[in-house]
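A.B. asks: Curious how this folds, go ahead:
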Amino acid sequence: MQVTATQAKNRFGYFCAKAKSEPVFIEKDGRLDSVIMSFDTFQTLKAAQAPASLEQRKREFQEKYKDWIDAQNAHHEAHGLWCDGLVAWPGEA
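C.D. replies: Sure thing, here's the model as predicted:
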């Protein structure tokens with residue numbers, strides 16, 4: 001459902017009730033400006049975009065690029081590093 005800002009202001013309670021079943025898009029100056037949605041929908045969206053923890057992101061990175069990381073580490077094991085003090089991959093000494 002799409003309404004103007006004036007309609008939303010004048011019938012706010014009605015549109016809050018409608019938002020329980022569908023989002024209400026509010027138009028201001030001819031452009032979509034805001035959305036009224038149910039609290040349950042908001043919580044679902046918020047949970048879906050919650051940032052992953054640093055440990056979780058590290059695990060996902062390691063899983064996604066495991067083959068590349070292994071190949072790089074194998075190359076460095078076989079040929080060494082070009083500069084003393086560098087490590088092949090974080091976590092290795």
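
A.B. asks: Kindly report the domain assignment for this protein.
C.D. replies: Here the domain parsing of the chain from automatic domain parsing is 2-47, 51-93.

A.B. asks: Of those, which stretch is the most buried?
C.D. replies: Among the domains of the chain, domain 2-47 has the highest mean neighbour count (mean count of other C-beta atoms under 10 Å), at a mean of 13. Quick note: C-beta positions are derived from backbone N, CA and C, even for glycine.

A.B. asks: Compute the first-to-last residue distance for that domain.
C.D. replies: Length of domain 2-47, first residue to last, C-alpha to C-alpha, to the nearest Å: 25 Å.

A.B. asks: Tell me how far that domain lies from the chain's centre.
C.D. replies: Distance of domain 2-47 from the chain centroid (C-alpha atoms, centre = their mean, to the nearest Å) equals 22 Å.

A.B. asks: Equivalent analysis for stretch 49-58, please.
C.D. replies: 10 Å.

A.B. asks: Keeping just the C-alphas, turn that stretch into CSV.
C.D. replies: The C-alpha trace of stretch 49-58 is given here as CSV (Å, rounded to 0.1, in the frame of the first residue of the first chain):
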residue,chain,number,x,y,z
GLN,A,49,21.1,-7.9,8.7
ALA,A,50,22.8,-8.3,12.1
PRO,A,51,26.5,-8.3,11.5
ALA,A,52,28.4,-11.5,12.0
SER,A,53,30.9,-11.6,14.8
LEU,A,54,34.6,-11.3,13.9
GLU,A,55,35.2,-14.9,14.7
GLN,A,56,32.3,-16.0,12.4
ARG,A,57,33.5,-13.8,9.6
LYS,A,58,37.0,-15.3,10.0
